[in-house]
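S.K.: What follows is a protein structure lacking sequence information:
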C-alpha cells in the first residue's frame with residue numbers, strides 16, 4: 001500500500017519550520033513532498049492567481065501550492081498564530097489556508113490546524129494530536145513523532161547559528177546531507193542582512209542576494225545566525241512594542257548589531273506592499289541615525305525586482321563601506 005503524500009509548500013514558514021514538520025510527518029509513516037525552489041514559472045503562476053494587493057511572498061506561496069496540488073493527497077498549511085508567547089504572525093499567515101482553499105480550485109484537502117502557544121502546551125500537543133488523528137495515528141505515535149521532530153528542529157537551529165544556509169542545514173539536520181567540503185572565500189567585510197526569512201533566503205525572489213555578497217567578499221550575518229539569547233531581551237527605542245513576530249525579531253536583532261558594533265554595515269531586505277515591514281524599516285532607519293559608524297541600506301524587493309539594479313546597489317554599498325573603513329584607518 002502506497003504512503004499518503006503530504007505537500008509542504010517551499011515558501012513563508014518553510015525556512016523556519018520545515019525540518020520539524022517534515023520529520024513529524026515522516027515519523028507518522030507519511031511521505032512528505034515539497035515544491036522545490038522558487039522559479040519564474042512558480043512566481044508567474046502565483047501572481048496570476050493571488051489577490052493583487054497581497055505581498056509578493058504570498059504570491060510566491062500560491063505558486064508553490066499550485067506546483068504541489070496535483071502531486072499530493074493533502075496540503076500541510078497550519079494556521080500559525082503564536083509560537084513564542086509574545087508576538088503573533090501576520091494576518092495573512094493566519095488566513096493562508098482560507099486564501100488557498102477559496103482561491104485555487106482543485107486543491108486537495110488542507111490540514112490547517114491552529115498553532116498558538118498562548119493557549120498552553122496542551123493546546124500545542126492537541127494540535128499535533130489532531131494532525132496525527134487525521135491520518136489515523138494514536139496519541140502515543142503522535143508524541144513519539146513530535147519528540148523526534150523536536151530533536152531535528154533543535155539541530156537545524158544550531159546549524160543555522162553556526163552559519164549554515166537553510167537548505168544545507170535542512171539536509172544536515174535530517175541526516176541526508178554531508179558538510180560542504182572546503183572553506184568559503186575570505187571576506188573582508190561583515191554585513192548584517194536582516195529581513196523576513198522568506199525574503200532573505202529565497203534566492204529567486206531576491207535575485208541571489210547572499211551569493212552576490214559572497215562574490216563581493218562580504219560575509220552575511222542573518223537573524224538566524226544569532227542565538228536568541230543575544231537579541232531576545234533587547235529593547236526598543238520606542239515605547240510601543242511591535243506585536244508582529246518577524247517585525248519584532250528584525251528590530252531587536254538590528255538594535256543588537258547597531259549597539260554591539262560587530263558588523264561593518266546593515267542591509268534590510270524589505271518586501272514591497274508589506275505594512276509591518278514598512279514600519280520596521282523606519283524604526284531601523286531611525287536607529288541607524290544614532291550609529292553613523294555603521295552604514296545602513298534598504299533593499300526593497302517585489303515581483304519586478306531586477307537583478308542588475310540590485311547587483312549595482314550591492315557593489316556600490318560594499319565599495320562605499322570599504323572606502324569608509326580605509327579612511328578611518330588612515331585617520332588614526
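M.R.: Done, it's in. Note that the structure is a prediction, hence the values are computed from the model and not measured.
S.K.: Who are the contact partners of residue 127?
M.R.: Neighbour list for residue 127: 78, 113, 114, 115 [criterion: Cβ atoms under 8 Å, 6 or more residues apart in numbering]. Where you see a C-beta, it was placed from the backbone N, CA and C, and this is true even at glycine.
S.K.: What about it? Give its phi and psi, please.
M.R.: phi -60, psi -50 (degrees, to the nearest 10).
S.K.: Could you measure from it over to residue 116?
M.R.: Using Cβ to Cβ, to the nearest Å, we find residue 127 at a distance of 8 Å from residue 116.
S.K.: could the contacts of residue 127 be laid out in TSV, adding distance to residue 35?
M.R.: Output for the contacts of residue 127, formatted as TSV (distance: Cβ to Cβ, whole Å):
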residue	distance to residue 35
78	16
113	20
114	23
115	21
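S.K.: Look up which helix or strand residue 193 falls in, please.
M.R.: Using DSSP states H and E, residue 193 sits in strand 189-195.
S.K.: Which pLDDT value does the model give residue 189?
M.R.: Per-residue pLDDT puts residue 189 at 93.
S.K.: Go ahead and confirm it touches residue 264.
M.R.: Yes - assessed by Cβ atoms under 8 Å, residue 189 is found in contact with residue 264 at 4.7 Å.
S.K.: okay, and the common contacts of these two?
M.R.: By Cβ under 8 Å, 6+ apart, residue 189 and residue 264 have these common neighbours: 321, 325.
S.K.: neighbours around residue 52, how many?
M.R.: When counting by other Cβ atoms under 10 Å, one arrives at 7 neighbours for residue 52.
S.K.: could you say which helix or strand contains it?
M.R.: Counting by DSSP H and E, no helix or strand carries residue 52.
S.K.: Then residue 125?
M.R.: Assigned by DSSP H and E, residue 125 falls in helix 121-134.
S.K.: Which of the residues in that helix are classified as buried?
M.R.: Applying a neighbour-count criterion of 16 or more other Cβ atoms under 10 Å, one finds 124, 126, 127, 128, 129, 131, 132 buried in helix 121-134.
S.K.: Any idea which helix or strand in the chain has the lowest mean pLDDT?
M.R.: Every helix and strand of the chain was ranked by mean pLDDT, DSSP states H and E. The lowest is helix 228-231, at a mean of 76.
S.K.: quick one: low-confidence parts of this structure?
M.R.: 1, 176-185, 232-240, 327-332 (pLDDT under 70).
S.K.: So which residues of it form helices?
M.R.: Along the chain, counting by DSSP state H, helices occupy 14-27, 40-49, 56-68, 91-94, 96-103, 121-134, 139-161, 166-174, 197-200, 209-215, 228-231, 245-260, 275-289, 307-331.
S.K.: thinking again about what came up before, can you list the neighbours in contact with the least confident helix or strand of the chain?
M.R.: 223, 249, 252, 253, 255, 256.
S.K.: quick check, nearest of these to residue 198?
M.R.: Residue 198 lies nearest to residue 223 out of the contacts of helix 228-231, by Cβ to Cβ, at 12.1 Å.
S.K.: neighbours around that closest one, how many?
M.R.: 23.
S.K.: Just list the residues touching the residue nearest to it when sequence neighbours are not counted, thanks.
M.R.: Nearest non-adjacent residue to residue 223, counting by Cβ to Cβ, 6 or more residues apart in numbering: residue 253, 4.8 Å away. The contact partners of residue 253, by Cβ under 8 Å, 6+ apart, come to 192, 194, 223, 226, 231, 234.
S.K.: Direction included, what does the strand holding residue 193 pair against?
M.R.: Partners of strand 189-195 in the sheet, by DSSP bridges, are strand 218-221 (parallel), strand 265-271 (parallel).
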